[in-house]
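Colleague: got a structure for you, letters missing:
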């Protein structure tokens, strides 16, 4: 079974450009999470979805960030306009079921560099 | 709110040494506790978990025991290998936290041959 698939693996862009990161969760998983990882702040939860519906977006840093999940097999995280401080590794993760015992399955991440 | 605190790294050990990475947590209710591992260039993957007090999670020679009285979940391994070099994250998940997984800052482990 394929794991969580993210694209692109690496993105280098200039300040002010739009960035779109993509994620395909594991088939059958009903929760999808977007995390950001930086040296200074560690792993931060940005937003998560249940059955394609955003449940908690309190971690989204500002209005420049938006996330969508149009169907059960696809989600996007968009940054517009991008800034150098957005440089980070962005991870998508999925899980099954609303329990406190379930594990997260992570993709390999998208490394974003904003010049 | 819920939070996880783990020892700062990096931790540098020689092969076959004993490993301990400390983790303490703050949470209301009865959280589940996890250790995730991140190898270079990869995403996190579950190493082990424990879902109630006094449970011991174990995998690949690593162990951690859920200690409610000390709110701790320390990771241990009796004899580390070079291939264990990675970043280790302690995490918790609870119903009072909306089932969100909260991660510690991570501890980088280097194992020398």
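Modeller: Perfect, thanks for sending it. From a predicted model like this one, the values you see are computed outputs, not experimental measurements.
Colleague: ok, the residue in chain A that chain B sits nearest to to residue B:64 distance?
Modeller: Going by CB to the nearest CB, chain B is nearest to residue A:106 of chain A, at 3.3 Å. The C-beta positions use only the backbone N, C-alpha and C, and glycine is treated the same way. Relative to residue B:64, residue A:106 is positioned 20 Å away (criterion: CB to CB, to the nearest Å).
Colleague: more crowded one of the two?
Modeller: The neighbour count for residue A:106 versus residue B:64, taken as other CB atoms under 10 Å in any protein chain shown, is higher for residue B:64 (26 against 23).
Colleague: Which strands or helices does the least confident helix or strand in chain B by mean pLDDT pack on?
Modeller: Ranked by mean pLDDT, DSSP states H and E, the helix or strand of chain B with the weakest confidence is strand B:101-103, at a mean of 92. The contact analysis (3 or more CB pairs under 8 Å, 6 or more residues apart in numbering or on different chains; DSSP states H and E) places strand B:101-103 against strand A:42-50, strand B:3-6, strand B:86-93.
Colleague: from the ones you listed, which stretch is densest packed?
Modeller: With neighbours defined by mean count of other CB atoms under 10 Å in any protein chain shown, none of the helices and strands packed on strand B:101-103 is more surrounded on average than strand B:86-93, at a mean of 24.
Colleague: hang on, residue B:77 packs against residue B:59?
Modeller: No - using CB atoms under 8 Å, residue B:77 is not in contact with residue B:59; the gap is 10.2 Å.
Colleague: Would you mind telling me which of the two has more residues around it?
Modeller: Between residue B:77 and residue B:59, counted using other CB under 10 Å, residue B:77 has the larger neighbour count: 20 against 13.
Colleague: Get me the contact residues on chain A for chain B.
Modeller: Applying CB under 8 Å from any CB of the partner chain, we find that chain A lies next to chain B at A:4, A:31, A:33, A:42-43, A:45, A:48, A:55-56, A:91, A:93, A:98-104, A:106-109.
Colleague: Quote the end-to-end distance of stretch B:4-14.
Modeller: Length of stretch B:4-14, first residue to last, CA to CA, to the nearest Å: 27 Å.
Colleague: contact partners of that stretch?
Modeller: By CB atoms under 8 Å, 6 or more residues apart in numbering or on different chains, the surrounding residues in contact with stretch B:4-14 are B:19, B:21-26, B:80, B:87-92, B:102-112.
Colleague: What remains of those residues if I keep only buried residues?
Modeller: With burial judged by 16 or more other CB atoms under 10 Å in any protein chain shown, the buried subset of the contacts of stretch B:4-14 is B:19, B:21-25, B:80, B:87-92, B:102-107, B:109, B:111.
Colleague: First-to-last residue distance for stretch B:30-43?
Modeller: Its first and final residues considered, stretch B:30-43 spans 27 Å by CA to CA.
Colleague: Is chain A within reach of that stretch?
Modeller: Yes - residues of stretch B:30-43 contacting chain A under CB under 8 Å from any CB: B:30, B:31, B:32, B:34, B:36, B:41, B:42, B:43.
Colleague: Same list (the helices and strands packed on strand B:101-103) but as CSV, adding mean pLDDT and distance to residue A:12.
Modeller: Listed next are the helices and strands packed on strand B:101-103 as CSV, based on pLDDT from 0 to 100; distance: least, CB to CB, whole Å:
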stretch, mean pLDDT, distance to residue A:12
strand A:42-50, 93, 21
strand B:3-6, 94, 32
strand B:86-93, 96, 24
